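J.: Sequence first, then the predicted structure:
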Amino acid sequence: MWEISHSKPEAFYDRFDRKGGDLEVTHYCPGCGHGVLHKLIAEAITDLGIQDRTILVNPVGCSVFAYYYLDIGNVQAAHGRAPAVATGIKRVRPNSIVLAYQGDGDLAAIGGNEILHAANRGENITVFFVNNGIYGMTGGQMAPTTPVGERTTTSPRGRSIANEGYPMRICELLSTLEAPAYIERVALTDAKHHMKARKAVRRALQCQVEGRGFSLVEVLSTCPTGWKVSPEEATHWVEKHLMPQFPLKLFKERKNGDAGAPVATEAGAAKGAWHGEAPVEAARASKAAIASGELEDVSMKISGFGGQGILFSGIALAEAGMREGLHVSWIPSYGPEMRGGTAHCHVKLSRHSIASPLINRPSTVIAFNEPSVEKFGAELLPGGMLMVNSSMVATRPARTDIRIVEVPATDAAEEVGNPKVANMVMLGAYIQLTRAVDDESILSSLSAHGMRPDLLEVNRKALQAGRALIR
Ligand SMILES: Cc1ncc(C[n+]2csc(CCOP(=O)(O)OP(=O)(O)O)c2C)c(N)n1
Ligand code: SF4
């Protein structure tokens, strides 16, 4: 009688179809720990039954080719950016299981900021952090994790505390944060430690499956090539050089129901709802054109001089959309001088998720000065609308495939008693033309910004004046 105790997990490809290589061996050096960790991850994915919804964010480093081995969704991130990319993927696809795989140069050096903030936000992702104490791929430079005294190509006399500081202990650092749910350090040395690593990989994935939040497994791994030792000596190298610096330990494990376990409950659900594909339910309650489905999307650029309230009018419009339950985005762009320089913003309002807040071809442009007409008038989509503050701008584009609406906004604002509300006159005119959102939504967003009641009244009048100009 016999039974198979080890077999190739489903989540591993049968053949490694990489350029010019042997189809049955990995590209890793003999004795490298990366392949072992790949196998542990593949086994766990297969056993947890999550292969068809798992996405791995590959790093820059020796494991850049992980996608040749793991038969799951794969995305390549720039050096150090895997946690940021994983965050984006998890938020738009909350039901997927998102893994970031990173070396110590990738995670602790160039990507130090990304990992810290992803962990601090408690993103419901899993990070596998391979600490081999060196930059393997680029030929053995010092990493933030290189032990004191170790010679590398960039520390030929050995790492010194005076020059390079102490090795960075990532698990210890991250476990001081409130949000992470699971943090453990393991090592790939002998069979006993392999089994512990196997368990940690599973627990981290399980943590994400259960929606408990951020999980990270640091794996002390071998790099015989970088350390210039044999594969056999490499495991002893881990024991002798890495383990004393980086104690193996379960640093943190929070279960659902424990104090401070936010992601699986409200926040997790909220993240799913925020980034879901379905049109926003609440949007249907409003009678304005976008929320009721009469007008599909607003993709607008508002542009003029700094000080004309350009950016603020974009915020007011976007927040009005938010109040009507729409998906919205607003991003500003302004010169170094806040007053007098040019300023413009991109505003999107939609009943559906917004893929990117950037707008290359707007459907509406509101131009408060000459340069804006020239620059953004040319970007308008055919059939788009250009609204011009005709009190200040004489130029008109030569295009015949767009609609040009002239609004003497500054004159009207002066009549209302304050030339600064020309921005609201424009919004009033825009709303009269499109019914994109309700005036009341705009006014309530202004009031939420703490606007004084007398100024609120002037803004209300400005909106009405803008409507009247179109009527
Ligand atoms: C922006 C950028 N900077 C530098 C590099 C060069 N580079 C490629 S891999 C690497 C280090 C990888 O080391 P590590 O993350 O420890 O992974 P290992 O190769 O040891 O698995 C560096 C610096 C790059 N590709 N991109
Ligand atoms: S250089 Fe080091 S980390 Fe890279 S494949 Fe070789 S042994 Fe592995």
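T.: Perfect, I can see it now. Ligands and ions are numbered 1, 2, ... in the order given.

J.: hey, which helix or strand in the protein has the poorest pLDDT?
T.: helix 268-275 (a mean of 39; mean pLDDT, DSSP states H and E).

J.: Show me the strands in the stretch 251-400 of the chain, by range?
T.: Here the stretch 251-400 of the chain has its strands, by DSSP state E, counting those that start in this stretch, at 297-305, 327-334, 342-350, 364-367, 385-389.

J.: Rebuild the ones you listed as CSV, extending it with mean pLDDT and distance to residue 317.
T.: Just so you know, the C-beta spots here come from the backbone N, C-alpha and C atoms, and that holds for glycine as well. Rendered in CSV, the data for those read as follows (pLDDT from 0 to 100; distance: least, Cβ to Cβ, whole Å):
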stretch, mean pLDDT, distance to residue 317
strand 297-305, 93, 8
strand 327-334, 91, 8
strand 342-350, 93, 6
strand 364-367, 97, 10
strand 385-389, 97, 13
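
J.: Return the most buried member of the ones you listed.
T.: Ranked by mean neighbour count, these are led by strand 364-367 with a mean of 28 (mean count of other Cβ atoms under 10 Å).

J.: Tell me which residue lies nearest the centroid of the chain.
T.: residue 88 (3.9 Å; Cα atoms, centre = their mean).

J.: if we can go back for a sec, out of the strands of the stretch 251-400 of the chain, which comes closest to ligand 1?
T.: Of all these, strand 327-334 sits nearest to ligand 1, with 24.8 Å by Cβ to the nearest ligand atom.

J.: Show me what the closest one is packed up against.
T.: The helices and strands touching strand 327-334, judged by 3 or more Cβ pairs under 8 Å, 6 or more residues apart in numbering; DSSP states H and E, are helix 310-323, strand 342-350.

J.: Direction included, what does that strand pair up with?
T.: Pairing partners of strand 327-334, with direction, according to DSSP bridges: strand 342-350 (antiparallel).

J.: Check the offset of the strand it pairs with from the chain's centre.
T.: Taking Cα atoms, centre = their mean, to the nearest Å, one finds strand 342-350 lying 20 Å from the centre of the chain it belongs to.

J.: cool, and stretch 394-413?
T.: Relative to its parent chain, stretch 394-413 has a centroid offset of 38 Å by Cα atoms, centre = their mean.

J.: Can you check the pLDDT for the residue in the chain positioned nearest to ligand 1?
T.: For the chain, the residue positioned closest to ligand 1 under Cβ to the nearest ligand atom is residue 103, at a distance of 2.3 Å. Residue-level confidence at residue 103 comes out at 98, pLDDT.

J.: How much space separates the closest residue to it other than its chain neighbours from residue 133?
T.: Take residue 103 and drop its neighbours on the chain: the residue closest to it by Cβ to Cβ, 6 or more residues apart in numbering is residue 61, 3.7 Å away. Here residue 61 is placed at a distance of 13 Å from residue 133 (Cβ to Cβ, to the nearest Å).

J.: Which of these two has more residues huddled nearby?
T.: A count of neighbours by other Cβ atoms under 10 Å puts residue 133 above the other of residue 61 and residue 133, at 28 against 24.

J.: For that one, give me its contacts.
T.: Contact analysis of residue 133 by Cβ atoms under 8 Å, 6 or more residues apart in numbering lists 104, 143, 145-147, 150, 167, 223, 227, 241-242.

J.: closest to residue 83 among the residues you listed?
T.: Using Cβ to Cβ, the shortest approach to residue 83 within the contacts of residue 133 belongs to residue 104, at 14.1 Å.

J.: Point out the residues in the protein that sit beside ligand 2.
T.: 28-29, 32, 34, 62, 132, 136-137, 223-226 (Cβ under 6 Å from any ligand atom).

J.: you'd agree residue 184 is in a strand?
T.: Yes. If the criterion is DSSP: H, G, I helix; E, B strand; the rest coil, then residue 184 is within a strand.

J.: So which residues on the stretch 101-250 of the chain come close to ligand 1?
T.: With Cβ under 6 Å from any ligand atom as the criterion, the stretch 101-250 of the chain meets ligand 1 at residues 103-106, 110, 130, 132, 135-138, 143.

J.: Next one: the closest residue to residue 174 other than its chain neighbours from residue 215, what distance?
T.: Computed as Cβ to Cβ, 6+ apart, the closest residue to residue 174 that is not its neighbour in sequence is residue 119, at 4.8 Å. Between residue 119 and residue 215 the distance, using Cβ to Cβ, works out to 10 Å.

J.: Those two: which has the busier surroundings?
T.: Remark: of residue 119 and residue 215, residue 215 carries more neighbours, 29 against 26, as counted by other Cβ under 10 Å.

J.: ok, now which ones touch the more buried one?
T.: Under the criterion of Cβ under 8 Å, 6+ apart, the contact list for residue 215 reads 125-127, 180-183, 203-205, 207-208.

J.: Show the pLDDT at it.
T.: Each residue has a pLDDT score; the one for residue 215 is 98.

J.: same question, the one 4 residues further on
T.: Residue 219 is assigned a predicted lDDT (pLDDT) of 98.

J.: count of residues packed around it?
T.: 23.

J.: isn't there a strand covering it?
T.: Yes. The assignment for residue 219 (three-state DSSP) places it in a strand.

J.: For it, give me its contacts.
T.: Residue 219 sits next to 33, 37, 128-131, 185-188, 197 when contact means Cβ under 8 Å, 6+ apart.

J.: Most neighbours out of those, which is it?
T.: Compared across those, residue 131 has the highest neighbour count, 30 neighbours, by other Cβ under 10 Å.

J.: hang on, that residue packs against residue 105?
T.: No. The pair residue 131 and residue 105 fails to qualify as a contact (Cβ atoms under 8 Å) at a distance of 10.2 Å.

J.: Pull out the buried positions in stretch 304-324.
T.: Along stretch 304-324, the positions that meet the burial threshold by neighbour count (16 or more other Cβ atoms under 10 Å) are 304-306, 308-324.

J.: Likewise for stretch 433-451?
T.: Within stretch 433-451, the residues that count as buried by 16+ other Cβ under 10 Å are 433-439, 441-443, 445-446, 451.

J.: All set now, cheers.
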